[in-house]
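*Asks:* Pasting a predicted model and its sequence here:
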Amino acid sequence: MDFERISRQALDSGFTNVGQLDTSTLEFLPEVREMCSADKCNRYNKSWACPPACGTLDEMREKVRRYSRGIIVQTVGQLEDSYDWEGIQEAAMRQGESFGKLWDTLKSEFPGLLAMGSGGCSRCKECTYLENKPCRFPDKTSASMEACGLLVSKVCTDNGVKYNYGPNTIAYTSCFLLE
Ligand code: SF4
């Protein structure tokens, strides 16, 4: 994996920061899944991209076994204050757009890549999960890192990537497992 080149592609896609990811650091934690099942975001059991539909922790561990390296990508947003909802939304939107762009770029070189996003999938107005119909865009949606059972702060720390950018900032983090 040519990290320098991929890093440039990630920055060109709009991300603020890129780091290398060693998949041996990934731990799929039941306590993170428990946070999902508390359903504070109102997505649990309502989307193909969220638990339980996105797969068990054992299934995640199995999927990840074939990868050794990847990248961590972040969008860091500057907020006016901690109540700056518009700023938070704007950074989340940028993260989603950059994630889609980079995914499109990377998949020609790494057709088997595994993408893990930030937040639930909001591609469709109504997710087909609740109608028990297949996902409309299975190749364009991904579970979030949290939905996969990853504690994002730990993944960043374990890979030498900053997680907290200080007061009045918000950082969204996603990753791609490449090879
Ligand atoms: S792409 Fe649509 S159907 Fe698939 S998980 Fe996202 S919202 Fe649901």
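*Replies:* Here it is on my side, so go on.
*Asks:* Only C-alpha atoms from now on, for both contacts and neighbour counts.
*Replies:* Noted.
*Asks:* Close to the ligand: what parts of this protein are there?
*Replies:* 47-49, 121-124, 127-128, 135-138, 141 (C-alpha under 6 Å from any ligand atom).
*Asks:* Buried members of those residues into ChimeraX, please.
*Replies:* Paste this into ChimeraX to select the buried members of the residues of the chain next to the ligand, with burial taken from 16 or more other C-alpha atoms under 10 Å:
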select :47,48,49,121,127,135,141
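*Asks:* of the residues of the chain next to the ligand, the lowest pLDDT goes to which?
*Replies:* Across those, the smallest pLDDT goes to S122, namely 87.
*Asks:* Let me know the average pLDDT across stretch 9-29.
*Replies:* Mean pLDDT, taken over the full extent of stretch 9-29, equals 97.
*Asks:* could I get it in PDB with only the CA atoms?
*Replies:* These are the backbone C-alpha positions of stretch 9-29, laid out as PDB (Å, rounded to 0.1, in the frame of the first residue of the first chain):
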ATOM      1  CA  GLN A   9      -6.200  11.000  -2.600                       C
ATOM      2  CA  ALA A  10      -7.900  11.200   0.800                       C
ATOM      3  CA  LEU A  11      -7.000  14.900   1.200                       C
ATOM      4  CA  ASP A  12      -8.100  15.600  -2.300                       C
ATOM      5  CA  SER A  13     -11.400  14.000  -1.500                       C
ATOM      6  CA  GLY A  14     -11.800  16.600   1.200                       C
ATOM      7  CA  PHE A  15     -10.700  14.900   4.400                       C
ATOM      8  CA  THR A  16      -8.800  17.000   7.000                       C
ATOM      9  CA  ASN A  17      -6.500  14.300   8.300                       C
ATOM     10  CA  VAL A  18      -5.300  10.800   7.300                       C
ATOM     11  CA  GLY A  19      -3.500   8.100   9.200                       C
ATOM     12  CA  GLN A  20      -2.300   4.500   8.700                       C
ATOM     13  CA  LEU A  21      -4.400   1.700  10.200                       C
ATOM     14  CA  ASP A  22      -2.900  -1.500  11.400                       C
ATOM     15  CA  THR A  23      -5.800  -3.900  11.600                       C
ATOM     16  CA  SER A  24      -4.100  -6.000  14.400                       C
ATOM     17  CA  THR A  25      -5.100  -3.100  16.700                       C
ATOM     18  CA  LEU A  26      -8.800  -3.500  16.000                       C
ATOM     19  CA  GLU A  27     -10.800  -4.800  18.900                       C
ATOM     20  CA  PHE A  28     -14.500  -5.500  18.500                       C
ATOM     21  CA  LEU A  29     -16.000  -4.700  21.900                       C
END
